[in-house]
Every structure is written in structure tokens, then in C-alpha cells.
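Engineer: any chance you can model this:
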Amino acid sequence: MKNLQSTVTLHNGVEMPWFGLGVFKVKEGDEAVSSVRSAIEQGYRSIDTAAIYGNEEGVGQAIKESGVPREELFITTKVWNANQGFETTVAAFEESMKKLGLHYLDLYLIHWPVPAKGKYKETWKALEYLYKAGKIRAIGVSNFQVSHLEDLMADCEVVPMVNQVEYHPRLTQKELHEFCKNNKIQLEAWSPLMQGELLEEPTLAEIGKKYGKSVAQVILRWDLQNEVVTIPKSVKPERMKENADIFDFELTTEEMALINSLNEDRRVGPNPDEFNRE
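Structural biologist: The predicted structure follows:
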């Protein structure tokens with residue numbers, strides 16, 4: 001992990017950047033276009049969106065305007081709960097591709113397991129189908145717990161390459177992380193800064209002071225040293241620059257353990273076992 005373009009190799013051989021930009025709650029139109037374009041200009045190569053974010057067109061426009069060759073970028077989007085099922089997922093994928101203006105996708109994720117709906121296996125079959133058709137370079141899931149992964153893997157043909165989950169020092173998901181490691185599923189963090197809640201945490205501030213780094217930079221560095229891909233969201237160019245300035249220092253084993261010990265199994269997002277929003 002030497003710089004912003006450093007990658008991890010997924011279990012199918014595809015290289016995914018360790019660090020990227022998340023665009024959750026980034027408004028469609030000018031805000032989406034300018035923030036994604038700014039990130040790409042700064043050297044970001046991974047952009048993470050989702051159908052439900054409603055900003056795929058802006059992301060697509062920024063990609064087009066960036067002038068960076070398509071093969072140098074890693075673009076992720078996700079199928080929303082209401083579209084789970086085989087045919088509906090394939091249709092949702094085509095819709096996302098149209099909005100993004102892309103011929104292929106780097107990573108497609110099932111956004112939530114929605115266990116009450118009981119359709120994630122059927123949805124996964126659609127992802128396998130699109131993957132085998134060469135339309136997606138890697139497929140994965142988001143917000144899947146160990147139980148959902150075990151259930152999916154009992155009869156899937158392709159093991160998910162990525163599981164994107166809420167992950168930060170107050171929610172380290174140790175058991176899930178171990179399970180993913182053992183099954184070569186790359187863990188990816190959303191809401192790595194706990195939506196700003198952790199920025200006043202004294203332990204983190206103290207560590208930051210030692211390196212001349214902000215609390216956000218300490219957390220993002222901790223993610224990477226825990227071998228977790230991370231995609232902090234920002235619409236401000238200076239914040240994007242700060243977030244990415246984490247490749248010139250390294251946390252000690254003791255500091256890593258100290259940050260791990262802040263875990264309280266506390267979420268800012270929904271519990272994946274109970275979240276059923278359409």
C-alpha cells in the first residue's frame with residue numbers, strides 16, 4: 001500500500017484499489033459530477049455508487065469528462081432491495097449501466113441481504129450470469145453477515161469477491177472479518193469515519209498528534225493496515241486530499257491494538273438482519 005493507486009488482488013485475479021471515493025448522499029447533477037471529477041484528478045481510481053443513491057448519471061458524466069482511460073478506473077454500483085430477483089436484477093443492472101454510460105462494470109454488489117424477502121440467492125444467480133457473460137469483472141455483496149454468506153455459499157457457483165459492510169473502530173466485526181479472510185472474500189468499509197462521530201475520540205486524537213495526522217487519517221490508515229478496502233465519502237476537494245494523505249506513515253502494533261479495543265459493536269446504519277426497506 002504505497003499510494004492511492006495501490007491495489008489488492010481479489011480471488012479471481014482482478015485488482016481493486018485499496019482506497020476509493022464513496023458517493024452516498026452526494027446529490028445528482030453538479031455535485032456528483034464535480035466531486036467525482038475532483039477525486040479522479042487527485043489520483044483516486046475507485047468510485048463507489050449504488051442505484052439507490054440516485055447519482056449514477058453524474059458519476060458516469062464525471063468518468064467521461066475525466067479523460068482517464070476507462071481501464072484505469074474501478075467502478076462499483078449495487079442492486080437495490082426492490083429489484084432483487086433474477087430478471088429484475090438483470091434489468092436493474094442494464095439500467096445502471098445506461099445511467100453510468102459504461103460498457104462493463106468492475107464490481108457489482110447486492111446492496112443488502114433483505115432476509116425477509118428471501119431473494120438474495122436468486123439475485124446472486126443473476127450476478128453470476130452477468131459475470132460469466134463478461135459484463136462485470138467482479139461480483140460481491142454488501143452488508144452480509146456470516147449467516148447470510150454461509151447460506152449463499154452453500155450452493156453458489158462463484159464465491160463473492162467482496163463484502164462491503166459498516167466498519168469503523170466502534171464496529172470492528174471481528175468474526176465476520178475472520179470469516180471473509182478464510183474464504184478469500186475482501187472486506188470493504190463503508191462509513192469508515194462513523195459519519196463523523198469518531199472525530200472527537202481522544203485516543204485517536206492522541207495517536208494523530210504523534211504523526212501530525214487528523215483523526216480521520218488515523219482511522220483510514222487503521223483500515224488499510226487491517227487489510228480492509230475503504231471508501232470515505234466527501235464532496236470537498238481539500239477533504240478528499242486529506243483523506244488520501246495516509247501513505248506516508250504507519251501505525252505500530254500497539255496503536256493498532258488500541259484502536260481495535262475501541263470496538264463497542266455499535267452501528268450507525270441498520271442491522272442487516274432486520275433491514276427490509278424497499
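Engineer: now the strands for the stretch 51-200 of the chain?
Structural biologist: Secondary structure of the stretch 51-200 of the chain, counting by DSSP state E, counting those that start in this stretch: strands at 74-79, 105-110, 136-142, 162-166, 186-190.
Engineer: which residues are in contact with the fourth one?
Structural biologist: Here strand 162-166 makes contact (C-beta atoms under 8 Å, 6 or more residues apart in numbering) with 10, 16, 48, 107, 109, 138, 140-144, 149, 173, 176, 180, 185-191, 229, 231, 267-269, 272. For glycine as for every other residue, the C-beta is placed from the backbone atoms N, C-alpha and C.
Engineer: mind checking which of the residues you listed are buried?
Structural biologist: Burial of these was assessed by neighbour count (16 or more other C-beta atoms under 10 Å); the buried members are 10, 16, 48, 107, 109, 138, 140-144, 149, 173, 176, 180, 185-191, 229, 231, 267, 272.
Engineer: reformat the strands of the stretch 51-200 of the chain as CSV; add mean pLDDT and distance to K209.
Structural biologist: Formatted as CSV, the entries for these read as follows, by pLDDT from 0 to 100; distance: least, C-beta to C-beta, whole Å:
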stretch, mean pLDDT, distance to K209
strand 74-79, 98, 34
strand 105-110, 98, 36
strand 136-142, 99, 34
strand 162-166, 98, 27
strand 186-190, 98, 24
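Engineer: L251 is nearest to which of those?
Structural biologist: Proximity to L251 (C-beta to C-beta) singles out strand 186-190 among the strands of the stretch 51-200 of the chain, at 15.7 Å.
Engineer: residues contacting the helix or strand just after that closest one, please?
Structural biologist: Moving toward the C-terminus from strand 186-190, the next helix or strand (DSSP states H and E) is helix 202-211. For helix 202-211, contacts defined as C-beta under 8 Å, 6+ apart pick out 169, 198, 214-215, 217-219, 249, 251, 255, 258-259, 262.
Engineer: what's the angle between the next helix or strand after helix 202-211 and helix 202-211?
Structural biologist: Under the assignment DSSP H and E, the closest C-terminal helix or strand after helix 202-211 is helix 215-225. The directions of helix 215-225 and helix 202-211 differ by 90 degrees, with axes from the mean of the first three to the mean of the last three C-alpha atoms, to 10 degrees as the criterion.
Engineer: what's the angle from helix 215-225 to strand 186-190?
Structural biologist: Using the same axes, to 10 degrees, the direction of helix 215-225 lies 170 degrees away from that of strand 186-190.
Engineer: for helix 215-225, packing partners?
Structural biologist: Contacting helix 215-225 under the criterion 3 or more C-beta pairs under 8 Å, 6 or more residues apart in numbering; DSSP states H and E are the following elements: helix 202-211, strand 229-230, helix 237-244, helix 253-260.
Engineer: give me the contacts around the second one.
Structural biologist: The one in question is strand 229-230. Applying C-beta under 8 Å, 6+ apart, the external contacts of strand 229-230 come out as 8, 16-20, 162, 186-189, 192, 220, 223-224.
Engineer: likewise for stretch 29-41?
Structural biologist: The set of residues external to stretch 29-41 that reach it, using C-beta under 8 Å, 6+ apart, is 21, 23, 26, 47, 55, 57-59, 61-63, 65-66, 68, 73, 234-235, 237, 240.
Engineer: can I get that stretch in PDB, CA atoms only?
Structural biologist: The C-alpha trace of stretch 29-41 is given here as PDB (Å, rounded to 0.1, in the frame of the first residue of the first chain):
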ATOM      1  CA  GLY A  29     -26.000  16.700 -11.100                       C
ATOM      2  CA  ASP A  30     -23.300  19.200 -10.500                       C
ATOM      3  CA  GLU A  31     -22.300  18.000  -7.000                       C
ATOM      4  CA  ALA A  32     -21.900  14.400  -8.200                       C
ATOM      5  CA  VAL A  33     -20.000  15.400 -11.400                       C
ATOM      6  CA  SER A  34     -17.600  17.900  -9.700                       C
ATOM      7  CA  SER A  35     -16.800  15.700  -6.700                       C
ATOM      8  CA  VAL A  36     -16.100  12.600  -8.700                       C
ATOM      9  CA  ARG A  37     -14.100  14.600 -11.300                       C
ATOM     10  CA  SER A  38     -12.100  16.200  -8.500                       C
ATOM     11  CA  ALA A  39     -11.300  12.800  -6.900                       C
ATOM     12  CA  ILE A  40     -10.100  11.400 -10.200                       C
ATOM     13  CA  GLU A  41      -8.000  14.500 -10.800                       C
END
